[in-house]
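Chemist: Okay, predicted coordinates and the sequence, questions at the end:
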Amino acid sequence: RPAPVAMERAAEMTAPTGDRPNAFAEALRAAVSERGITLARLRRQLADDGNVVSMATLSYWRSGDRQPEGAQSLAIVEGIEDRLRLRRGHLSALLGPSARLGAVPPPRLPFDEERENRETEQTLAALRSSPQETLRDLSTQMTVRVGADGAVASIVMRSLVQATRGVITELPLIDVAPEETEVLSVISNVVGGRVDREYLHPGHRVSGVVIALDEPIVVGDTTLFEFTETFPPGSPVRQSAWHATSRPARETLIWVRFHPDALPSWCEEYAETDDDYVCVIRPVRGGSVHAARHGFGPGVLGIRWGYDDDPEPGHSRGE
């Protein structure tokens, strides 16, 4: 399973998202026409089901002048799908981004190496994950515990994301290991969802896991989830903690807490984007160090450390 120190997010939709601005309206018009039903009759049927909606609203949706937004409107769309004998998600997955939420830039893989980007795309495909155009990354917080050997022992990750289109039911996470391995990390204590499926790329560096949300989220809604990552014996040694994001994130925070017997000889913070690479030495005060950014991405933000007696860079003490 992947460690959350290098992460891409995507959202699996209930159906492919339409590329045309009025894809939802076009599909609604076609379904109403095929069933030979009037909007007035459809409105009465929806009201009988407890989905009260005005004729003006239905007319706006059919013409494409407006689109459903918010939980109540999405519930009405599901009622329309039921009444028109459409599969769930046939209409809702065609909704464009909410105008109230503002524009969300398209995602871009943040890694420099061609291999990492290629294997990330292949892993997302193997996980049956759709692109992440449907998400806004509001906050990611990582608390990293370093053991007495100087290597990462566990990571607790808490993330807040928002749906900007359609319905989101699950979130895939991708990790790039520091070296090839067949030992996967362990994800436990998941709050807000559950581990549904996982995949290790044949290249043995990139792996992925899908977290199914406890409750799906619709346009404008947010979900908060948390999990703990640990590393069994045989896992690659990690003397860094980093988070990769494929689009600007409102808040990114990495907090590394060192074992009192493993205070590093040196520690540095680095940030890498398309336009720049910045690396600065960071003092470790009170046994910890943190890196924080607002609006960072696409790119990689990280903290790495080492010891004077390391046999070679990236290996923990005592190896």
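Modeler: Sure, I can see it.

Chemist: What segments of the stretch 101-250 of the chain are helices?
Modeler: Along the stretch 101-250 of the chain, the segments classed as helices by DSSP state H, counting those that start in this stretch run 114-126.

Chemist: Flag the shaky bits of it, pLDDT-wise.
Modeler: The model of the stretch 101-250 of the chain has pLDDT under 70 over residues 101-113, 130-132.

Chemist: all strands of it, in order?
Modeler: For the stretch 101-250 of the chain, the strands defined by DSSP state E, counting those that start in this stretch occupy 135-146, 152-163, 167-176, 186-191, 193-200, 206-218, 222-230, 240-245.

Chemist: Enumerate the positions of the longest one that are buried.
Modeler: In this case it means strand 206-218. Buried residues in strand 206-218, counting neighbours by 16 or more other Cβ atoms under 10 Å, are found at 206-211, 213, 216-218. The way it works is simple: take the backbone N, C-alpha and C, and place the C-beta from them, glycine included.

Chemist: out of these, who's nearest Val53?
Modeler: Closest approach between those and Val53, by Cβ to Cβ: Val218, at 16.0 Å.

Chemist: any idea how far Ala292 is from the closest residue to that closest one other than its chain neighbours?
Modeler: Leaving aside its sequence neighbours, Val218 sits nearest to Leu74 (Cβ to Cβ, 6 or more residues apart in numbering; 4.3 Å). Separation of Leu74 from Ala292 (Cβ to Cβ, to the nearest Å): 34 Å.

Chemist: Looking at the two, which is more packed in?
Modeler: Between Leu74 and Ala292, Leu74 has the larger neighbour count (other Cβ atoms under 10 Å), namely 23 against 13.

Chemist: Dihedrals phi and psi, the more buried one?
Modeler: phi -70, psi -30 (degrees, to the nearest 10).

Chemist: swap in Gly299?
Modeler: Phi and psi for Gly299, reported as degrees, to the nearest 10, are phi 160, psi -170.

Chemist: My read is that it contacts Ala271, right?
Modeler: Yes - in this structure, Gly299 is within contact of Ala271 by Cβ atoms under 8 Å, at 6.5 Å.
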